[in-house]
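Peer 1: Predicted model and sequence follow; I will ask about them next.
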Amino acid sequence: MKVRVETRDVGRLRSELLAVMIPKIDSEKRRLANRLQGVDRILGGQLRQVIESGDFRGNAGETLLLFPNGESETRRVLLLGVGADAELEAETLRRAAGSAVSQARSKGVANPSLLLHATRRLPTADAAQACSEGAVLASYRSDGWKTKREQNGDEVEALSLLVDGGDTRKARAAASRGAIIAEGQNLARQLSNEPPNDLTPAAIAREAQRMAKEVGLRCKVMNVAELKRRKMGALLAVGQGSANTPRVAVLDYQPKSGRRNPPTVCVVGKGITFDSGGISLKPGGGMQDMKHDMSGAATVVGLMRAVAQLRPAVRVIGVVAAAENLPDGNAYRPGDILTSMSGLTIEIQNTDAEGRLILADALHMVNSDYEPDAIIDLATLTGACVVALGSWATGLFSNRDALVRSIRSAGEHTGERVWPMPVWDAHRDHMRSQIADLKNVGGRDAGSSTAAAFLSRFVGDTAWAHLDIAGTAWTSKAQPHQPYGATGVGVRLLAEVLDGWPRGGIS
Ligand code: BES
Ligand code: MN
Ligand code: ZN
């Protein structure tokens, strides 16, 4: 779907559907704002009526469809409440723009228009970016495996964002940014929603390669022989029970700017294409959701696509660490002792704690190959994180306060909220084994912190942040801009973090 920015001239608009964002109406005054006079005119006074009668109050999420019955060339007007201006958030606009697109789709409207609402708190550029994101996100559908397109399913081709004359330039740049980011997020969703029979480790590596070719990134894929050569014993062990053998894909974005040595950030994603638990088999109920256990890797692929187009001033290395965790005669077992690429030995106590094993090798690899300024990993790592934060926030674990601040603030801006959780020496000590350097499970208590503490042993002293997206990577509660299934969480968040990468560094 395309997003166009046009100068508003509601009177002369010809549109099958004009969506209008309306802030909360003062319940005492019930007055029509000046900027909406033009809309009221094409509606022959109906807007004033529904506002004065109190039938439409402008509450966030409220919608009302009206039909102009005069000379207007606009067929339908969709009112979208966005709530009080003083509290307006980008997420409200994403949702509203998402509603506009999903309503347009259900009415077979290919080219809807949306009248932008901006405030002091959320000026034109921010509002345009949010609307563009919401619209493009709403254009993604997760039911692509149905053989018959359901009725009310016509695709929206383009959304016209209508803005004030002086703002077109700013709005255009912001809308294009928003579209790039949302397309990256949609790619992440698509990969995560793919069924595990199609999306094997080799397949996700291929998708990374295909994306790299499309946007001009370098991409290297390591197969089992290469992973053996590099002694990635932990990652290989996780994948050895599946006929779909492991892969690691490395995507490399280099900024073109004049800077000799730009900072380097590595982003590593957990890519378990299906997590059965292995020999420590999971219970059957809900196991199908474990096809999403590669969401961290999917986010890396979507993010790198956006990065290639946004061109931030940092070098970004994206890593997809992919394996399938299945039990068979060759599978790794509880009791096994693995030697990781770093040389640290790991006693396996539960084969279902596999994510930290593949990440151990991927984190060590990027840390030693690139000597990065920072490493950020994304992983659907622990059920404990779902218990702690639900789907309301991604768990954030880090060894640098500045990194925590930057990621938290990006979370507030992008609506992909994160919440800091502790990783202490006590957690690290808890992960020591009696017979090897480390054990791979720490028990129920503080399960997401002990998992993070395990990971921390593989990044040395490099600035590092771990995002546990187990609760945020997929949803069964659909919204206008978020269908059932994968969310692509982390693309908006990290696009923002990388774009504003602190010049002074984060150490
Ligand atoms: N992929 C799961 C974590 C998960 C659980 C993600 C629920 C999303 C929703 C991970 O590999 C896992 O199985 N973790 C175990 C670790 C335990 C054995 C120490 C868990 O959280 O139970
Ligand atoms: Mn597991
Ligand atoms: Zn897993």
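Peer 2: Received, thanks. Because the structure is predicted, anything quoted here is derived from the model rather than measured. Residues are numbered from 1 along each chain as shown. Ligands and ions are numbered 1, 2, ... in the order given.

Peer 1: Mean confidence (pLDDT) on the lengthiest helix in the chain, please.
Peer 2: Assignment by DSSP state H gives helix 168-193 as the longest helix of the chain. Here helix 168-193 scores 97 as its mean pLDDT.

Peer 1: Quick check: next helix or strand after it?
Peer 2: Per DSSP states H and E, the first helix or strand lying C-terminal to helix 168-193 is helix 201-215.

Peer 1: and that next one, what other elements does it pack with?
Peer 2: helix 168-193, strand 218-222, strand 247-253, strand 264-275, helix 295-310, strand 315-325 (3 or more C-beta pairs under 8 Å, 6 or more residues apart in numbering; DSSP states H and E). (C-beta placed from N, C-alpha, C; glycine too.)

Peer 1: Number of residues surrounding the closest residue to ligand 3 within the chain?
Peer 2: Nearest residue of the chain to ligand 3 (C-beta to the ion) works out as Asp275 at 3.7 Å. A count of neighbours around Asp275, defined by other C-beta atoms under 10 Å, yields 26.

Peer 1: which one of the helices and strands packed on helix 201-215 lies closest to ligand 1?
Peer 2: strand 264-275 (4.6 Å; C-beta to the nearest ligand atom).

Peer 1: who does the closest one pair up with?
Peer 2: strand 315-325 (parallel), strand 374-379 (parallel) (DSSP bridges).

Peer 1: quick one, it and helix 201-215 angle?
Peer 2: 140 degrees (axes from the mean of the first three to the mean of the last three C-alpha atoms, to 10 degrees).

Peer 1: Check whether strand 264-275 comes into contact with ligand 1.
Peer 2: Yes. On the criterion C-beta under 6 Å from any ligand atom, strand 264-275 is in touch with ligand 1 at Asp275.

Peer 1: Distance-wise, check Leu236 relative to Thr380.
Peer 2: 21 Å (C-beta to C-beta, to the nearest Å).

Peer 1: How about Val3?
Peer 2: According to C-beta to C-beta, Val3 stands 30 Å off from Thr380.

Peer 1: which of those two has more neighbours?
Peer 2: Comparing Val3 with Thr380 by other C-beta under 10 Å, the one with more neighbours is Thr380, at 29 against 25.

Peer 1: Can you tell me the closest non-neighbouring residue to Gln46?
Peer 2: Leu66 (5.3 Å; C-beta to C-beta, 6 or more residues apart in numbering).

Peer 1: close enough to count as contact, that neighbour and Arg75?
Peer 2: No. Judged on C-beta atoms under 8 Å, Leu66 makes no contact with Arg75 at a distance of 10.6 Å.

Peer 1: Of those two, give the one with the bigger neighbour count.
Peer 2: Per other C-beta under 10 Å, whichever of Leu66 and Arg75 has more neighbours is Leu66, with 20 against 14.

Peer 1: Alongside ligand 2, which residues does the stretch 301-450 of the chain contribute?
Peer 2: Proximity of the stretch 301-450 of the chain to ligand 2 is confined to Asp352, Glu354 under the rule C-beta under 5 Å from the ion.

Peer 1: Quick one: the strands in the stretch 301-450 of the chain, in order.
Peer 2: 315-325, 337-339, 345-347, 374-379, 394-398, 418-420, 438-439 (DSSP state E, counting those that start in this stretch).

Peer 1: which ones are touching Asp9?
Peer 2: Asp9 makes contact with Leu162 under the criterion C-beta atoms under 8 Å, 6 or more residues apart in numbering.

Peer 1: Tell me who's in contact with the nearest residue to Ala86 once chain neighbours are set aside.
Peer 2: Sequence neighbours aside, Arg121 is the residue nearest to Ala86 in space, at 7.2 Å (criterion: C-beta to C-beta, 6+ apart). By C-beta under 8 Å, 6+ apart, the contact set of Arg121 is Asp85, Ala86, Leu88.

Peer 1: What distance do you get for Arg121 to ligand 1?
Peer 2: Distance, Arg121 to ligand 1, by C-beta to the nearest ligand atom, to the nearest Å: 35 Å.

Peer 1: Can you verify my assumption that Ala321 contacts Val268?
Peer 2: Yes. Here Ala321 reaches Val268: they are 6.5 Å apart, a contact under C-beta under 8 Å.

Peer 1: So for those two, which sits in the more crowded spot?
Peer 2: Ala321 (37 against 31).

Peer 1: Apart from its chain neighbours, what residue comes closest to the more buried one?
Peer 2: Ala362 (3.9 Å).

Peer 1: got it, and His292?
Peer 2: Nearest non-adjacent residue to His292 (C-beta to C-beta, 6+ apart): Trp474, at 4.7 Å.

Peer 1: and what of Gly443?
Peer 2: Using C-beta to C-beta, 6+ apart, the closest residue to Gly443 is Thr450 (7.4 Å).

Peer 1: right, and the one you found touches His430 too?
Peer 2: Yes. Between Thr450 and His430 there is a contact at 5.5 Å, judged by C-beta under 8 Å.

Peer 1: more neighbours, the two?
Peer 2: Thr450 (25 against 17).

Peer 1: Which pLDDT does the model give that one?
Peer 2: pLDDT, read off for Thr450, is 98.

Peer 1: For Ser142, see how far away it is.
Peer 2: Counting by C-beta to C-beta, the gap from Thr450 to Ser142 is 33 Å.

Peer 1: Give me the domain ranges for the chain.
Peer 2: What automatic domain parsing lists as the domains of the chain is 2-146+156-164, 181-187+194-499.

Peer 1: Dump the ones you listed to JSON lines, plus distance to Ala175.
Peer 2: Shown next, in JSON lines, are these (distance: least, C-beta to C-beta, whole Å):
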{"stretch": "domain 2-146+156-164", "distance to Ala175": "4"}
{"stretch": "domain 181-187+194-499", "distance to Ala175": "10"}
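
Peer 1: Indicate which one of those is closest to Ala174.
Peer 2: domain 2-146+156-164 (4.0 Å; C-beta to C-beta).

Peer 1: what residues are up against Pro312?
Peer 2: Pro255, Leu498, Asp499, Trp501 are the contacts of Pro312 under C-beta under 8 Å, 6+ apart.

Peer 1: Many thanks, have a good one.
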